[in-house]
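*Asks:* Requesting a structural model of the entry that follows:
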Amino acid sequence: MLNVGRLNEGVVLDHIEAGKSMSIYKYLKLDKMDCCVAIIKNAHSNKMGKKDIIKIEAPLDQVDLDVLGFIDHRITVNIIKNGEIVSKEALTLPKELVNIISCKNPRCITSIEQGLDQVFFLADKEKEIYRCRYCEEKYRSTKKKKK
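*Replies:* The predicted structure follows:
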């Protein structure tokens, strides 16, 4: 069994759907951060069968919780201090996404005006549907729905 060292200070993202850790790594821009990051893929989980885990040796304020909530609001966010979990942050679907996803409508103003922010709002919380603020184009998620 693989043993990954203990994190003294930072954030542990747990209960990530197996195989999704690299997309989270990219969305959070962890490659741009000057800190230690450990990615554990396909770890055994009693709850999920297999899961991914990301350990980040950085303060919570450097992790975009809105991005995490958008990707999967069921991810567990553990705050670590002095090697112990001191708190857990609950994720929710963000009401608004800015420059996280892009509008695919070729007639949307964001396709023409290059400097304009890509802004989406949560239109349907139950179905996890986001719509473009400017043209109302629906964002089609590639997530698999859990049964």
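
*Asks:* Output the below-cut-off pLDDT ranges for this protein.
*Replies:* 1-5, 140-147 (pLDDT under 70).

*Asks:* show me where it has strands.
*Replies:* Chain-ordered strands for the chain, with DSSP state E as the definition, fall at 10-17, 37-45, 49-56, 76-81, 84-89, 96-98, 119-124, 129-132, 138-139.

*Asks:* what about these, which gets the closest to residue 30?
*Replies:* Closest approach to residue 30 among the strands of the chain (C-beta to C-beta): strand 37-45, 5.1 Å. Backbone N, C-alpha and C define where each C-beta goes, glycine included.

*Asks:* Residues contacting the closest one, please?
*Replies:* Strand 37-45 has contacts (C-beta atoms under 8 Å, 6 or more residues apart in numbering) with 2, 4-5, 7, 15, 18-19, 21-22, 25, 30, 50-57.

*Asks:* Go ahead and build a PyMOL selection from the buried members of those residues.
*Replies:* To isolate the buried members of the contacts of strand 37-45 in PyMOL, using 16 or more other C-beta atoms under 10 Å:
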select buried, resi 7+15+21+25+30+51+52+53+54+55+56
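
*Asks:* Run through the bridge partners of the closest residue to residue 12 other than its chain neighbours.
*Replies:* With sequence-adjacent residues excluded and distances taken as C-beta to C-beta, 6 or more residues apart in numbering, residue 12 is closest to residue 78, at 4.3 Å. Per DSSP bridges, the residues bridged to residue 78 are residue 12, residue 88.

*Asks:* Start the count at 57 instead of 1 going forward.
*Replies:* Taking 57 as the first residue, the last one we looked at is residue 134.

*Asks:* separation between residue 134 and residue 94?
*Replies:* Distance of residue 134 to residue 94, given as C-beta to C-beta, to the nearest Å: 13 Å.

*Asks:* quick one, which of these two is more surrounded?
*Replies:* residue 134 (20 against 14; other C-beta atoms under 10 Å).
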